[in-house]
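**Q** Here you go, sequence then predicted model.
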Amino acid sequence: MEDGTGWRNATLADCLPARGMAGLTDVTEEAGYGWRFFRETARSRVRRAALPAFAAAVAVLRALGRPPSLALPYFNLLLRKTE
């Protein structure tokens, strides 16, 4: 995807086709964004202090089969069409 071609101020539902996540795979973590990136770049005291809360939210989302990046304070989501 080229710079400037994504959505701003969008919800997950805005970014998905009408049928939802069917036919899509979340590849945010594989691409280097999402929880792993957020955790590894936590430099400020506040952000490091918040990591346990985000880790718990990420674990719940993973258990529910949802993208872990939905728990983060910013919305980076990369999807791959599987059909």
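**A** Perfect, thanks for sending it. Just so it is clear, the model here is predicted, and its values are computed rather than measured.
**Q** so where do the strands sit in the chain?
**A** Under the criterion DSSP state E, the chain contains strands at 24-26, 79-81.
**Q** what sits up against the last one?
**A** By that I understand strand 79-81. For strand 79-81, contacts defined as C-beta atoms under 8 Å, 6 or more residues apart in numbering pick out 15, 16, 23, 24, 25, 26, 27. C-betas here are computed from N, CA, C, even on glycine.
**Q** Only whichever of those are buried, select them in PyMOL.
**A** In PyMOL, this line selects whichever of the contacts of strand 79-81 come out buried by 16 or more other C-beta atoms under 10 Å:
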select buried, resi 24+26
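**Q** just the contacts of strand 79-81 now: which is nearest residue 37?
**A** Residue 37 has its nearest neighbour among those in residue 27, at 13.2 Å by C-beta to C-beta.
**Q** wait, what's in contact with the closest one?
**A** Residues in contact with residue 27 (C-beta under 8 Å, 6+ apart) are 78, 79, 80.
**Q** List of residues touching stretch 31-49?
**A** Stretch 31-49 is contacted by residues 28-29, 51, 54-55, 58, 67-69, 71-72, 76-78 when judged by C-beta under 8 Å, 6+ apart.
**Q** Please repeat the previous calculation with a cut-off of 7 Å.
**A** With contact meaning C-beta atoms under 7 Å, 6 or more residues apart in numbering, stretch 31-49 is reached by 28, 29, 51, 54, 58, 68, 69, 72, 76, 78.
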